[in-house]
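>>> need a structure here:
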Amino acid sequence: MSESKEYEYFDRKSSKWNIIGFLNECDLEPFQRKIDCYLKCLDTIFESEHGMRKETAKNLLDNYKLEPKTDRRRARHWDQERSRKQVHINQPIVATVHGNGNMTNIGDDNSGTIVSSKRGKRDKEEEDERNQTKRVRFHEEKSPLKKKSKSGKRVSI
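Predicted coordinates:
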C-alpha cells in the first residue's frame, strides 16, 4: 500500500479487519511505518465514521494501545518472524563463479543490495538447443577415416 492507498485495506467489511492482515498487505517499510499507518487509519475511521466501522476501529485501537496489548504483541511477533526470513548482507562483493570453480571478482557493492539475474526456463532451453545443435554438427562433420571390413578388421580409406 502506498500513502495514497493506505485506506484500501479498510474498504472491506469491518469484521475482516485485523492487524496481521493489514501488515501482510501493507507495502510500507520499515515496520514502524506500517504500524503508524495502521493506527492513523483506525483513528481516522473512529473519528469520522459511525456504526459498526467505528466500533471495530475503536476495538482494534484498544487492542493495540490498552493492556494487555494483544495486537501489539501479535504485530511484534509478526515482525520477528518476518525478520528471520530475511538475509542482511554487509559489504557484499559481487563476483562471477565459473564452471571450473574459479571466481572472478567484479567489485564491491556498497549499497547492500544485490540484484540477482535469474535465467528463465526458456533461456535454459534455448542454450540446451544450441548445445545440441553443436553436437549434431560435430558428428556430421566428422568423417570416419577407417572402415570395418567384412572380416571385422579396420581398413584405411
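>>> what residues does stretch 51-66 touch?
The contact list for stretch 51-66 (C-beta atoms under 8 Å, 6 or more residues apart in numbering) reads 10, 14-15, 17-19, 38-39, 42-43, 45-46, 49, 69-72, 75. C-beta: built from backbone N, CA, C; applies to glycine.
>>> so how do I select the buried members of those in ChimeraX?
Buried subset of the contacts of stretch 51-66, written as a ChimeraX selection, criterion 16 or more other C-beta atoms under 10 Å:
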select :10,14,17,19,38,42,45,46,71,72,75
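>>> in helices, which of the contacts of stretch 51-66 fall?
19, 38, 39, 42, 43, 45, 46, 70, 71, 72, 75 (DSSP state H).
>>> contacting residues for the fifth one?
It stands for residue 43. Residue 43 touches 57, 61, counting by C-beta under 8 Å, 6+ apart.
>>> then the third one?
For residue 39, the set of contacting residues under the criterion of C-beta under 8 Å, 6+ apart consists of 61, 64.
>>> ditto for the fourth one
Residue 42 makes contacts with 57, 60, 61, as judged by C-beta under 8 Å, 6+ apart.
>>> report pLDDT for the second one.
If you check residue 60, the pLDDT there is 96.
>>> and residue 28, what element?
Element membership for residue 28, per DSSP states H and E: none, as it lies in no helix or strand.
>>> just the CA atoms of stretch 50-69, as CSV, please.
Provided in CSV are the C-alpha atoms of stretch 50-69 (Å, rounded to 0.1, in the frame of the first residue of the first chain):
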residue,chain,number,x,y,z
HIS,A,50,-20.5,5.7,12.5
GLY,A,51,-21.9,2.3,13.3
MET,A,52,-20.0,-1.0,13.1
ARG,A,53,-16.9,0.5,11.3
LYS,A,54,-16.5,3.0,14.2
GLU,A,55,-16.9,0.3,16.8
THR,A,56,-14.5,-2.1,15.1
ALA,A,57,-11.9,0.7,14.8
LYS,A,58,-12.3,1.5,18.5
ASN,A,59,-11.8,-2.2,19.4
LEU,A,60,-8.7,-2.5,17.3
LEU,A,61,-7.2,0.7,18.7
ASP,A,62,-7.9,-0.6,22.2
ASN,A,63,-6.4,-4.0,21.4
TYR,A,64,-3.2,-2.3,20.3
LYS,A,65,-2.9,0.6,22.9
LEU,A,66,-4.6,-0.7,26.1
GLU,A,67,-3.5,-3.5,28.4
PRO,A,68,-3.0,-6.4,27.7
LYS,A,69,-2.0,-5.0,24.3
